[in-house]
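>>> this is the structure alone, sequence omitted:
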């Protein structure tokens, strides 16, 4: 019963396709689209014929109806649709190319030359549709013709951003080894005016194998000095996808972007720095601290977020060393910066901040009533904390210095031997002086006295 009703509905819908009024034809296509693919398949030829309808709404309704069909059914009508891509009307050519995208890749591969010819169409949206249809090919087949797709990227004079976006989406379907052959054309899209294209170029590069991606690091670093801030941002965001060990040799170039005149570049630089290993990041703590006075609210918050990625012990030393700069942001107008101060102070011992910060407090930082009082108390206790660290280091240094001189140590034995030698030498000198005739001593001149004093330390001490 239901089968017969579906067949009747299909015949009624097909009958409407012959009506002279476009709204009736449109209603017929919408009715056909609701049918099951098996019921719709016998009428595929009638729907395909609607792709050349004079009304644009009818053409796109026919395209929607064709998407309901199985790829194998559409393959039977591929020849008809291929003929339509040569139609004089550009909109018909574009719709026909979109319809071919629903054909199975094996059938589509047989007509790849006709699709490649449409890449040189005089109308941009026809070229965009052709690029999108080529993206339906299997990756090995697509790799053989990827050079024609990549050639669409740098042709700014006769292409639109939609066409370049479609080209990047098609290239992204390649295997990493095949994609690596087109990295130059993809990186060039970092200079794109439109954000969506730049982001897509960055995402496409990230599909490369790690070893291949690492080889692009030097080229990406050169983009950090580009005159266009958007290019610098795209380069930084791409560098952030590198492995920390690969990024570490280029950390200086990233840190230099913390001084960039554009706030978005500084923000991207902090995001990239955050991917470094904590030990590497600790080398640039001073540069991060310097951005706590940045004019951009987000950059100041990024500085605190980056600081908090340090190892706990390193973070505590850094906060204690730069307590004045950190506590100065207690009254920052941006709430995320104030939270950053809170998170940084947590790293200090509770003896310094327990009266100001409670890590278990459910609603965040529990500041004192008077920020000036809080600032002075934290700074005072931080100064005492630094003093205690210095005294502790000094005592440890003295301990390790004196350790060899304990009674059982090698230093003590050396000192005992040296003392014995000095004692024997002093005793021998005293004996020799006692054997000198007293009368002769009284006849010595002052110069003789000075001479023996210079040669005899014992005589100097007695004088």
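Right, received. Where do you want to start? Since the model is a prediction, treat every value here as computed from it, not as a measurement.

>>> centroid-nearest residue for the protein?
residue 240 (2.1 Å; CA atoms, centre = their mean).

>>> gap between that residue and residue 128?
Distance, residue 240 to residue 128, using CB to CB, to the nearest Å: 30 Å. All C-beta spots, glycine's among them, are computed from the backbone N, C-alpha and C.

>>> returning to that earlier point: now the residue nearest to the centre of the chain. Nearest residue, chain neighbours left out?
What sits nearest to residue 240 in space, not counting adjacent residues and going by CB to CB, 6 or more residues apart in numbering, is residue 272, at 4.3 Å.

>>> about what we covered before: the residue nearest to the centre of the chain touches residue 276, doesn't it?
No. Residue 240 is not in contact with residue 276 according to CB atoms under 8 Å; the separation is 9.8 Å.

>>> shared neighbours, these two?
Residues touching both residue 240 and residue 276 by CB atoms under 8 Å, 6 or more residues apart in numbering: residue 247.

>>> what's the neighbour count on residue 410?
Residue 410 has 10 neighbours, counted by other CB atoms under 10 Å.

>>> same thing with residue 144?
For residue 144, using other CB under 10 Å, the count is 12.

>>> spell out the residue ranges of the helices in the stretch 101-250 of the chain.
Secondary structure of the stretch 101-250 of the chain (DSSP state H, counting those that start in this stretch): helices at 105-109, 112-117, 124-134, 139-144, 146-150, 161-171, 176-179, 183-187, 195-205, 210-214, 217-222, 229-239, 244-247.

>>> the second one: how far from the chain's middle?
Going back to what we said before, that points to helix 112-117. Distance of helix 112-117 from the chain centroid (CA atoms, centre = their mean, to the nearest Å) equals 38 Å.

>>> go on, the third one?
Distance, stretch centre to chain centre, for helix 124-134: 32 Å (CA atoms, centre = their mean).

>>> next: the fifth one.
A distance of 28 Å separates the centroid of the chain from that of helix 146-150, by CA atoms, centre = their mean.

>>> could you pull up the mean pLDDT of it?
Helix 146-150 shows a mean pLDDT of 88.

>>> so which elements touch it?
helix 161-171 (3 or more CB pairs under 8 Å, 6 or more residues apart in numbering; DSSP states H and E).

>>> contacts for the helix it packs on, please.
Under the contact criterion CB under 8 Å, 6+ apart, helix 161-171 has outside partners 124-125, 127-128, 131-132, 134-135, 142, 146, 149-150, 152-153, 179, 182, 186, 189, 192-194, 196-197, 200-201, 204.

>>> let me see the contact set for residue 257.
224, 232, 236, 265, 266, 268, 269.

>>> go again with 7 Å.
Residues near residue 257 by CB atoms under 7 Å, 6 or more residues apart in numbering: 224, 232, 236, 265, 266, 269.

>>> look at the second one and report its pLDDT.
Put plainly, it is residue 232. 93.

>>> tally of neighbours for residue 414?
Residue 414: 12 neighbours (other CB under 10 Å).

>>> sticking with it, tell me its helix or strand.
Using DSSP states H and E, residue 414 maps to helix 410-434.

>>> and the helices in the stretch 251-400 of the chain?
251-256, 263-273, 278-281, 285-290, 297-307, 312-321, 323-327, 335-346, 350-353, 371-402.

>>> tell me which of these lies nearest to residue 210.
helix 263-273 (16.7 Å; CB to CB).

>>> so where is this protein shaky, pLDDT-wise?
Within the chain, the stretches with pLDDT under 70 are 1-6, 155-158, 350-371, 373-374, 405-406, 409, 411-412, 416, 423-463.

>>> could you rerun that using 80?
Where the chain drops to pLDDT under 80, the residues are 1-11, 13-14, 152-159, 320, 345-386, 399-463.

>>> next, the buried residues of stretch 287-294.
By 16 or more other CB atoms under 10 Å, the buried positions in stretch 287-294 come out as 287, 288, 289, 291, 292, 294.

>>> end-to-end on it?
Terminal residues of stretch 287-294 lie 12 Å apart, using CA to CA, to the nearest Å.

>>> dump the helices of the stretch 251-400 of the chain to CSV, plus distance to residue 174.
Shown next, in CSV, are the helices of the stretch 251-400 of the chain (distance: least, CB to CB, whole Å):
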stretch, distance to residue 174
helix 251-256, 29
helix 263-273, 26
helix 278-281, 33
helix 285-290, 39
helix 297-307, 35
helix 312-321, 43
helix 323-327, 48
helix 335-346, 40
helix 350-353, 54
helix 371-402, 56
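
>>> closest one to residue 85 among these?
Of all those, it is helix 263-273 that lies closest to residue 85, at 42.3 Å by CB to CB.

>>> contacts for the closest one, please.
229, 232-233, 236-237, 239-240, 254-255, 257-258, 260, 281, 284, 294, 296, 298-299, 302-303, 306.

>>> can you give me the angle that helix makes with helix 229-239?
Angle of helix 263-273 versus helix 229-239, following axes from the mean of the first three to the mean of the last three CA atoms, to 10 degrees, is 10 degrees.

>>> now do helix 263-273 against helix 297-307, angle only.
Calculated by the same axes, to 10 degrees, helix 263-273 forms an angle of 10 degrees with helix 297-307.

>>> quick one: buried residues of helix 263-273?
264, 265, 266, 267, 268, 269, 270, 271, 272, 273.

>>> contacting residues around the residue lying closest to the third one once chain neighbours are set aside?
Nearest non-adjacent residue to residue 266, counting by CB to CB, 6+ apart: residue 299, 4.8 Å away. Contacts were defined as CB under 7 Å, 6+ apart; by that measure residue 299 touches 263, 266, 267, 270, 291.

>>> how many other residues sit next to residue 11?
11.

>>> typo on my end, residue 194
15.

>>> phi first, then psi, for residue 104.
phi -60, psi 150 (degrees, to the nearest 10).

>>> I'd say it and residue 71 touch.
Yes. Here residue 104 reaches residue 71: they are 4.0 Å apart, a contact under CB atoms under 7 Å.

>>> please name the residues that touch the nearest residue to residue 121 once chain neighbours are set aside.
Distance criterion CB to CB, 6+ apart; nearest residue to residue 121, sequence neighbours excluded, is residue 127 at 5.1 Å. Shown in contact with residue 127 (CB under 7 Å, 6+ apart): 118, 119, 121, 163.

>>> need phi/psi at the residue nearest to residue 139 when sequence neighbours are not counted.
Spatial nearest neighbour of residue 139, chain neighbours left out: residue 175 (5.2 Å); criterion: CB to CB, 6+ apart. Backbone geometry at residue 175, expressed as degrees, to the nearest 10, gives phi -70, psi 150.
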